[in-house]
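In: Structure, please.
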Amino acid sequence: MFNLSPAISTKATLYTPISTNHYLHSIHCCGGGPTLSSSSQAYKNARPSAAETLLGDSPPLIITYRSPPPPDPPPVVMTSTISRKSSYSSRSISSARSVSGSASVFSLSGAMQLSGGSRFSSGSITTRAPSVYGGAGGYGTRISQSQSVFGSGSFGDYSEAAVIGNEKITMQNLNDRLASYLEKVRSLEAANKRLELQIREFYEKKAPSAGRDYTSYFATINELRAQIRRRFSENQSLNLQIDNAQLAAEDFRMKYETELSMRTNVEGDVVRLRGVRDSLTLSISDLEVQIEGLKEELVYLKSNHDEEMRLMRVQQSGNVNVEVDSTDSVDLSRVLEEMREQYEAVMVKNNLEIEKWFKAKVEALQTSIGIRTTEVKTSSSELSELKRTYQSLEISRSSAFASIQCLQQNLEEVKARYSLQLSQLQVTINTLETELQQLKVSIEHQQSEYLMLLDIKMRLELEIAEYRRLLEGEVYEKKAVVVSKVIVEEHKPHIERRVKTIVEEIVDGKVVSSSVDTQVQDIQ
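Out: Okay, here's the model as predicted:
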């Protein structure tokens, strides 16, 4: 039995955080009576008035017990610890209870104390601190429950009727505070649901949608691609034909130049042969002049011979016979005949020599002309063969050069296309990484808010349970200490980035070779 009377003076103090994300709000009642302290939890997330917001404008709870000083009982000290651990935060709430002859202290989750002169009688005091703590996204969950029970004791001579008499006022204060707490909890739960709905809508919007059905356009696209490939091949064939025509024109030009040079050489040979012919003509003219001289001399000799013969006949035709006693005279006819024979032999000899010399010159000239003609023909055939070889090599070089240009153009187009695709993919990757970072920040923020709301909810549940225990008289029950822990741990998912590079070599619209390079990079 104990008496309840109003406090003489009150004092409220807001302490700095004891540990991470915990604030202690205590109310001390002076005047020799015991003290009741309650705690509220708020997170340091840029909200300086979180404690006042959670506590509301309701008046502080003041309970004063007055009793005669009891004898000093032996001190009893019990300590219970509630640990919660996740992948993001780790915290512990400790409560210590000590009972001595001069003071008794009750600690509810490290926040509520009753002190003053009191003593225990038969009965029991039980505190329960259940907690369910879940990390956001399921990355590690720990569920722990701690129960601590005092042995039998007594409050002495306090009057239970006094407590029941002041029950209405206490209940009104408690109901007001509980109503405000529950309203805060409901509003925060509604805000949490709204945020979860917004996150879900955000993911649904960012998820790739089915979009329109473009299968009906695939046939047209394939046909247009086939037409493009055909036009490209036709363009290539036309370019090759143009190159071949240019090569043929160059070949004909070279043939024309060759024939022109051959014509010039032949004209030079003709000019040289004309000079030889002129020299031979001069020699023939000289020989003809000599023949004419010899013919004139022969005519002159014949005329002299005829004159002499006529004179001789005239002399012999006379009647006078003159005899001369002298040596035999020379037979002139025989001499003339001999001279004529000699001249004829000289003429024949000269003609033979001239004819032989002319034939030798003509044969030498013909031999030289034949040799030169053979050399010219051989050179012409060699030149033609070299020209054909040069033309074939030039055609091969031009075709190879055209193929190289085509392949280089295709390579540049492929490089440009893949560079564009790579830049687009890099922009997409950067956008996704930015969204991922924003999403991580949002998840961490939501997790912090969720943890704050969960801790507030647990503290409110503890306070509600304590109030219910005080109102229903559970102080006098005796229970054993039961500590149970259920640990559920989940591992983070493994995230990695895969970059696949595909290199294809395309010639005339056909894939000649293809290679794939895959790079794996761990993100977390």
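
In: can you count the residues close to the nearest residue to Asn244 once chain neighbours are set aside?
Out: For Asn244, ignoring the flanking residues on the chain, the nearest one in space by Cβ to Cβ, 6 or more residues apart in numbering is Ile395 at 7.3 Å. C-beta: built from backbone N, CA, C; applies to glycine. Ile395 has 16 neighbouring residues, counting by other Cβ atoms under 10 Å.

In: Could you list every helix and strand that the helix or strand harbouring Arg417 packs against?
Out: Assessed by DSSP states H and E, Arg417 sits inside helix 332-472. Helices and strands touching helix 332-472, by 3 or more Cβ pairs under 8 Å, 6 or more residues apart in numbering; DSSP states H and E, are strand 126-134, helix 167-206, helix 218-317, strand 496-507.

In: the inter-axis angle of it versus strand 496-507?
Out: Counting by axes from the mean of the first three to the mean of the last three Cα atoms, to 10 degrees, helix 332-472 lies at 160 degrees to strand 496-507.

In: and helix 332-472 with helix 218-317, angle?
Out: Interaxial angle, helix 332-472 versus helix 218-317 (the same axes, to 10 degrees): 170 degrees.

In: Please renumber the chain so that the first residue is 23 from this point on.
Out: From this message on, residue numbering opens at 23, which makes the last subject helix 354-494.

In: so helix 354-494 versus helix 189-228, what angle?
Out: Using the same axes, to 10 degrees: helix 354-494 against helix 189-228 is 170 degrees.

In: what is the rounded mean pLDDT of helix 354-494?
Out: What helix 354-494 shows for mean pLDDT is 87.

In: repeat for stretch 529-541
Out: Per-residue scores along stretch 529-541 average to 79.

In: And the contacts of it?
Out: 251, 254-255, 258, 429, 432, 520-528 (Cβ atoms under 8 Å, 6 or more residues apart in numbering).

In: Between all of the residues you listed, which two are at the greatest distance?
Out: Across the contacts of stretch 529-541, no pair lies farther apart than Gln258 and Arg520, at 37.7 Å, counting by Cβ to Cβ.

In: re earlier: relative to Glu281, how far out is the residue nearest to Asn266?
Out: Counting by Cβ to Cβ, to the nearest Å, the separation of Ile417 from Glu281 is 21 Å.

In: In space, what's closest to Met334 - neighbours in sequence excluded?
Out: That would be Leu354: by Cβ to Cβ, 6+ apart, it lies 7.6 Å from Met334.

In: Make sure the one you found is actually in contact with Leu333.
Out: No - the criterion here is Cβ atoms under 8 Å, and Leu354 misses it with Leu333 at 10.3 Å.

In: Give me the more crowded residue out of the two.
Out: A count of neighbours by other Cβ under 10 Å puts Leu354 above the other of Leu354 and Leu333, at 14 against 10.

In: what sits against the more buried one?
Out: Counting by Cβ under 8 Å, 6+ apart, Leu354 touches His327, Glu330, Met334.

In: tell me which of the residues you listed is nearest to Val368?
Out: Lowest distance from Val368 to those (Cβ to Cβ) belongs to His327, with 17.3 Å.

In: neighbours around the closest one, how many?
Out: Counted with other Cβ under 10 Å, His327 comes out at 17.

In: cool, Tyr203 as well?
Out: 22.

In: again, but for Arg199
Out: With other Cβ under 10 Å as criterion, Arg199 counts 20.

In: Tell me how far it lies from Glu483.
Out: For Arg199, the distance to Glu483 - Cβ to Cβ - is 14 Å.

In: likewise Thr192?
Out: Using Cβ to Cβ, Thr192 is found at 19 Å from Glu483.

In: same deal with Asn372?
Out: 159 Å.

In: ok, these two, which is more surrounded?
Out: Neighbour count, other Cβ under 10 Å: between Asn372 and Glu483, Glu483 has more, with 17 against 14.

In: What's the mean pLDDT across stretch 257-276?
Out: Mean per-residue pLDDT for stretch 257-276: 90.

In: Identify the residue spatially nearest to Tyr203, adjacent ones excluded.
Out: Per Cβ to Cβ, 6+ apart, closest to Tyr203 is Leu482, 4.9 Å.
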